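Enquirer: I'll drop the sequence and a predicted model, then ask my questions.
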Protein chains: 2
Amino acid sequence: MSSHEGFVLWFTGLSGAGKSTLAERLTADFRERGYKVELLDGDEIRTHLSKGLGFSKEDRDTNIRRIGWVARVLARNGVIAITAAISPYAEIRNEIRGDTETEGRAAFVEVFAHAPLEALIERDVKGLYKKAIAGEIKNFTGISDPYEAPESPEFTALTSEETVEQSATRLLTYLAERGLIE
Amino acid sequence: MSSHEGFVLWFTGLSGAGKSTLAERLTADFRERGYKVELLDGDEIRTHLSKGLGFSKEDRDTNIRRIGWVARVLARNGVIAITAAISPYAEIRNEIRGDTETEGRAAFVEVFAHAPLEALIERDVKGLYKKAIAGEIKNFTGISDPYEAPESPEFTALTSEETVEQSATRLLTYLAERGLIE
């Protein structure tokens, strides 16, 4: 098992933009290299920490803050904590960045999984955009709820233009250059 | 930093029975020895993970399950996760024991901080028992809410009979004999 400093790798992006796919790819890669890594995916958190919360701004903020708290507790114990929730609000992401750096004594790396909304609507892998546009799903980020793109994320994955492999390789290079991994 | 397997050190006991005092003593000791350790105390969890939950059985169970989930995620990443919530219900503690051993792939060590209720009422450091008996605090464990003592805890600290130092020394010896610490 490699000994290393933990950090938070925070994915943000619209539904279907490839957050989870890239996060899972990175998780597998880190694990293979012997790093301690924990992927906090949105569904698992909603089951274990946020049952009962809905999708109002207040409830979303609470959910994201909980993910942030768990991530920084892991990071300050040497774990690479990867999160892959939409996390649409810049203010909350920035709050978590601050708390990670101070209370978590760890780096916060914001990764923007970016694809044009039109491309996501057209692809619509899970059929969610169709339902959201038809009004069958309320508070759907990008359609009936805001998404605030990061202004200066540490890394942007252009997921409609590059393959998962390409994004992953670039991101790993970035993390190595930062000295966060070897 | 020592390399070691994580485990969950789960304190349970009545309010004022000395859970937090002993848990803090152990946390400091582990940290001094270079172990990764995280103390999940009840107040911190209520702030970060369980705001809005009350003290009904259902809400208490939810709160305790959340602590259990965070503890086992930490433990499977090599951290000694120490919890010090009253955790009055045996069924939930046993559920968390099972989940820690399976999903967390880590040991669950239940520590019963035991003092007679009469002694706690008499001492009443925070004045909570007086208020609970007067009916000013509802759902107070031991007075107006049940406490189910563990039937076979890994360790019992007789906190009204032995000093914190004595309990801590005995507990450290037990953990070393189990091979959980050096």
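Expert: Yep, that arrived.
Enquirer: Going by C-alpha atoms from here, please, whenever you check contacts or count neighbours.
Expert: Fine.
Enquirer: And what about A:Phe11, helix, strand or coil?
Expert: strand (DSSP: H, G, I helix; E, B strand; the rest coil).
Enquirer: Need the per-residue pLDDT for it.
Expert: At A:Phe11, the model reports a pLDDT of 98.
Enquirer: got the contact list for A:Ala149?
Expert: By C-alpha atoms under 8 Å, 6 or more residues apart in numbering or on different chains, the contact list for A:Ala149 reads A:Gly13, A:Pro88, A:Ala90, A:Phe112.
Enquirer: An error on my part: the question was meant for A:Ser167.
Expert: Counting by C-alpha under 8 Å, 6+ apart, A:Ser167 has contacts A:Leu22, A:Ala157, A:Leu158, A:Thr159.
Enquirer: Please report how far the last one lies from chain B.
Expert: Read it as A:Thr159. A:Thr159 sits 30 Å away from chain B, taking C-alpha to the nearest C-alpha, to the nearest Å as the criterion.
Enquirer: Test my guess that that residue contacts A:His114.
Expert: Yes - the criterion here is C-alpha atoms under 8 Å, and A:Thr159 meets it with A:His114 at 5.9 Å.
Enquirer: Which neighbours do these two have in common?
Expert: Between them, A:Thr159 and A:His114 share the contacting residues A:Ala17, judged by C-alpha under 8 Å, 6+ apart.
Enquirer: Send me stretch A:151-163 as CSV with only the CA atoms.
Expert: Extracted in CSV, the C-alpha atoms of stretch A:151-163 (Å, rounded to 0.1, in the frame of the first residue of the first chain):
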residue,chain,number,x,y,z
GLU,A,151,-15.2,29.5,-13.3
SER,A,152,-11.7,28.2,-12.7
PRO,A,153,-11.7,24.4,-12.2
GLU,A,154,-8.4,22.7,-11.7
PHE,A,155,-9.2,20.5,-14.7
THR,A,156,-11.8,20.3,-17.4
ALA,A,157,-12.6,17.1,-19.2
LEU,A,158,-14.2,17.8,-22.6
THR,A,159,-16.3,14.6,-22.4
SER,A,160,-18.1,15.0,-25.7
GLU,A,161,-14.8,15.6,-27.6
GLU,A,162,-12.3,13.2,-25.9
THR,A,163,-12.5,9.6,-24.8
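Enquirer: what's next to it, contact-wise?
Expert: Contacting residues not belonging to stretch A:151-163 are listed as A:17-18, A:109-116, A:119, A:167, A:171 [C-alpha under 8 Å, 6+ apart].
Enquirer: Find the pair from those with maximum spatial separation.
Expert: Spatially, the most separated pair among the contacts of stretch A:151-163 is A:Val109 and A:Ala119, at 25.6 Å (C-alpha to C-alpha).
Enquirer: I am finished for the moment; much appreciated.
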